[in-house]
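Visitor: predicted model follows, preceded by the sequence.
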Amino acid sequence: MSVSSTWVFLNFQGWPAVLTLAAMVAYIASALMRTAKEGVLSGLFGLGWLLHGLVLLADVLGWARPDASVRFGFGPALSGTVWLIVLLLSIESHWVPLALVRRLWAAWGVLALLVLAWVPGDIVLNMQSRWVALHLAVGMAAYGVLGAALMHAVLLHMAERGMRQKLTQPAVTSLPIMRLERLMFRLVLVGFSLLSAVLGLGWVTAHQYLQAWHWDHKTLFALLAWLSLAMLLVGHYAWGWRGVRAAYWVYAGAALLCLSYMGSRFVLEVLLQRTVG
């Protein structure tokens, strides 16, 4: 028996288990170390993010499975969303101070890796058509961008509440409220565009494989999320919706989008333990 085959971590074994544990250690070190230089902490966080991405690819693309099948499901969806949010916030941190937010997302990175190891992808995907892969990739991008928008909405909400209570702004960010709001709406606009593309690609793939648009709870919640974000953008640009009101619309859109795929997969794969796509 090889040394690598003795490594087992939840449902991962071999080198994916080693990479998972290494990514978790890097995330935890970047969050808990207090005396190290900022460059060292950023490097550890980046290492955790890189290893996290490799584990995610190994699971989705089947690099460590004998059949090398391409699979997806609740674990990869959640883990991929967190990975993309971490990427966006890391890029943004080069221009704006988000050190404490980075610590928060290091914790989320550890949680996402645990979920991925606990509930790896179980749905065998039909990758014969390029539309399926594109639909999946754009969908994950939409989740990641809107997740980052949700993070900014929370920060905006906290900052406005602090101002109304005549307190200093929360320590999680020193950004002015106006800048937080601009960043949030830019992310919402990008996420709305990606979600529109996801729905369009879903229509294409449904007609390609099912010969008709397939109505189910995932489609319904995705459309409701799209409508919520559309109302927010119309309200902002036409009627000047801002601040906490806008943040609530972001909360609603993000919650509906989460229910559309990840929520349904959580019920089927975790609660009901079914793997039918």
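Guide: Right, received. Where do you want to start?

Visitor: tell me the buried residues in the helix or strand containing V138?
Guide: Element membership of V138 [criterion: DSSP states H and E] is helix 130-164. By 16 or more other Cβ atoms under 10 Å, the buried positions in helix 130-164 come out as 132, 135-136, 138-160. For the C-beta atoms, the positions are set from N, CA and C on the backbone; glycine is no exception.

Visitor: just stretch 28-41 next, same as before
Guide: Those would be I28, A29, S30, A31, L41, for stretch 28-41 by 16+ other Cβ under 10 Å.

Visitor: mind listing which of the residues you listed are in helices?
Guide: By the criterion of DSSP state H, membership of the buried residues of stretch 28-41 in helices covers I28, A29, S30, A31, L41.

Visitor: need those in CSV (columns: distance to L259 and pLDDT).
Guide: Listed next are these as CSV, based on distance: Cβ to Cβ, whole Å; pLDDT from 0 to 100:
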residue, distance to L259, pLDDT
I28, 30, 94
A29, 34, 92
S30, 31, 88
A31, 29, 87
L41, 35, 83
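
Visitor: which of the residues you listed lies closest to L271?
Guide: I28 (28.6 Å; Cβ to Cβ).

Visitor: how about the nearest residue to that closest one, chain neighbours excluded?
Guide: Of all residues beyond its chain neighbours, the one nearest I28 is V110 (6.2 Å), with distances taken as Cβ to Cβ, 6 or more residues apart in numbering.

Visitor: please name the residues that touch that neighbour.
Guide: By Cβ atoms under 8 Å, 6 or more residues apart in numbering, the contact set of V110 is M24, Y27, I28.

Visitor: shouldn't S69 be within a strand?
Guide: No: according to DSSP: H, G, I helix; E, B strand; the rest coil, S69 belongs to no strand; its state is coil.

Visitor: what's the local residue count around it?
Guide: Counted with other Cβ atoms under 10 Å, residues neighbouring S69 total 13.

Visitor: poorly predicted segments of the protein, please.
Guide: Across the chain, residues meeting the criterion (pLDDT under 70) sit at 1-6, 93-100, 124-129, 164-175, 206-215, 274-277.

Visitor: please, which helix or strand holds the most centrally placed residue in it?
Guide: Closest to where the C-alpha atoms of the chain average out (Cα atoms, centre = their mean) is T81, at 1.7 Å. Assigned by DSSP H and E, T81 falls within helix 74-92.
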